[in-house]
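Asker: I would like to see how this sequence folds:
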Amino acid sequence: MTIGRFGLRRRQYDFPPYRPPSEANSLLLRVTRGCPWNRCTFCSMYKGMKFERRDLEEVLEDISMARELYSERVRTVFIGDSNSLVLKTEDLVKILNGLYASFPHIERVTSYARAKTIAKKPLEELKKIFEAGLNRLHVGLETGDRELLAEIDKGATPEEMIEAGRKAKEAGFEYSLYVLLGIGGEEKWEQHARGTAEVLNQIDPHFIRVRTFIPQPNSQLYEAMEEGKFHPASPETVLKETRLLLKELQVTSQFLSDHISNLVPLHGKLPEDQEEMIRLIDEVLKGLQEDRLLREELEARRHLTSL
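Answerer: Purely as a prediction, here's the structure:
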């Protein structure tokens, strides 16, 4: 947990190394280690880490340990690492039961999940997990474009992304999808925007969270960039892509730009705030042509590391 985290660390509590920004104040509970897929060319996380499911008793011991320190203070919980739904449904239900028994004031439990896993898991099992108290799933769509999904080795097709989203919503989950702005590079921004909007329109997730892709060391796309095979999108291209994505969306989602990598602080409800967000992008695009300092600031974001 962010508050008091070091108290738990001294007691050999096993923390997930990554979490969504929206879970900054959550109790962090690790039920798996690493990523069972771990092939995405844009990703530098979990490299060199062998995937494993943690022993159920270990996880329950962590819950007990956290309860000693936090009890009444815990309101939200994030379950890691990258895809907790690969656990047996009965084990995940036992973990959720343990959480709610230990922390009586929990308002939300969330987890990362993989679309392919959701698509394969029976709807009845997803409903059991939701009914046990897992409220929200964070899932990486990255792009809805078929060609780009294959290029980044995401391991799922647009159809599987849509099936997963619809099934998760039918089971009752809040569904939070991540989009990687710029993942098509300088050349494929338009197909990325249109393909992504097409998939999002068919899912209508509760949340669309955008991240601007910045190649990170220890990823295949970073190596491709170093070799001149991948050309990162310029700030203008990322903004044009974002504008087109917003223009094409026909959803009732919250649109959130809640990450340091992003160029413009876009936050709004669709469709109500759609035109206002597009207007803000237009202002920044105009500013790039007129304001040297703004251009330098946005260019500097292309070199962020440790994201």
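
Asker: drop to CA atoms for contacts and neighbour counts, all remaining ones
Answerer: OK.

Asker: check contacts around residue 79.
Answerer: 16, 28, 29, 30, 31, 109, 110, 111, 112 (CA atoms under 8 Å, 6 or more residues apart in numbering).

Asker: that one looks like it's in a strand, true?
Answerer: Yes - checked against DSSP: H, G, I helix; E, B strand; the rest coil, residue 79 lies within a strand.

Asker: ok, it to residue 106 distance?
Answerer: 13 Å (CA to CA, to the nearest Å).

Asker: same check, this time on residue 81
Answerer: 20 Å.

Asker: these two - which one has more neighbours?
Answerer: Using other CA atoms under 10 Å as the criterion, residue 81 and residue 106 rank with residue 81 on top: 27 against 18.

Asker: list the residues that contact that one.
Answerer: 16, 17, 18, 30, 31, 32, 33, 34, 35, 112.

Asker: can we see that at 10 Å?
Answerer: 15-19, 28-36, 46, 51-53, 111-113 (CA atoms under 10 Å, 6 or more residues apart in numbering).

Asker: and it, how far is that from residue 120?
Answerer: Taking CA to CA, one finds residue 81 at 19 Å from residue 120.

Asker: so residue 12 sits in a strand?
Answerer: No - counting by three-state DSSP, residue 12 is not found in a strand; it is coil.

Asker: ok, it touching residue 58?
Answerer: No - Residue 12 is not in contact with residue 58 according to CA atoms under 10 Å; the separation is 11.1 Å.

Asker: tell me which of the two has more neighbours.
Answerer: Each of residue 12 and residue 58 has its neighbours counted (other CA under 10 Å); residue 58 has more, 14 against 10.

Asker: so the more buried one makes contact with residue 14?
Answerer: Yes - using CA under 10 Å, residue 58 is in contact with residue 14, at 9.3 Å.

Asker: kindly point out which residues are neighbours of both of these two.
Answerer: Common contacts of residue 58 and residue 14 (CA under 10 Å, 6+ apart): 30, 31.

Asker: low-scoring stretches of the stretch 101-250 of the chain, by residue?
Answerer: Scanning the stretch 101-250 of the chain for pLDDT under 70 picks out no residues.

Asker: just the helices in it please.
Answerer: Remark: helices assigned in the stretch 101-250 of the chain by DSSP state H, counting those that start in this stretch are 115-120, 123-132, 146-151, 158-171, 189-203, 220-226, 235-248.

Asker: nearest to residue 74, out of those helices?
Answerer: helix 123-132 (17.3 Å; CA to CA).

Asker: neighbours of residue 75, how many?
Answerer: So residue 75, with other CA under 10 Å, has 17 neighbours.

Asker: if you drop the residues flanking it in sequence, what lies closest to it?
Answerer: Leaving aside its sequence neighbours, residue 75 sits nearest to residue 106 (CA to CA, 6 or more residues apart in numbering; 4.3 Å).

Asker: any idea how far the one you found is from residue 61?
Answerer: 18 Å.

Asker: check contacts around the residue located most distally from the centre of the chain.
Answerer: In the chain, residue 290 marks the outermost C-alpha relative to the chain mean, sitting 34.1 Å out by CA atoms, centre = their mean. For residue 290, the contact set (CA under 10 Å, 6+ apart) comprises residue 284.

Asker: that one and residue 253: what is the separation?
Answerer: 33 Å.

Asker: tell me the contacts of residue 96?
Answerer: 60, 63, 79, 90, 102, 109, 129, 130, 131, 132, 133, 134.

Asker: and those, which are buried?
Answerer: For the contacts of residue 96, a neighbour count by 16 or more other CA atoms under 10 Å gives the buried set as 60, 63, 79, 102, 109, 129, 130, 132, 133, 134.

Asker: okay, those in TSV with distance to residue 166 next?
Answerer: What follows is the buried ones among the contacts of residue 96, written out as TSV (distance: CA to CA, whole Å):
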residue	distance to residue 166
60	31
63	31
79	22
102	32
109	20
129	16
130	14
132	20
133	19
134	17
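
Asker: closest to residue 179 out of these?
Answerer: Once CA to CA is applied, the member of the buried ones among the contacts of residue 96 that ends up nearest residue 179 is residue 79, at 20.9 Å.

Asker: run through the bridge partners of the closest one.
Answerer: Going by DSSP bridges, residue 79 is paired in beta bridges with residue 29, residue 111.

Asker: distance of it relative to residue 14?
Answerer: 12 Å.

Asker: which residues are in contact with both of the two?
Answerer: Contacts common to residue 79 and residue 14, judged by CA under 10 Å, 6+ apart, are 28, 29, 30, 31.

Asker: can you put those in TSV and add pLDDT and neighbour count?
Answerer: What follows is these, written out as TSV (pLDDT from 0 to 100; neighbours: other CA atoms under 10 Å):
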residue	pLDDT	neighbour count
28	95	29
29	96	24
30	96	23
31	97	28
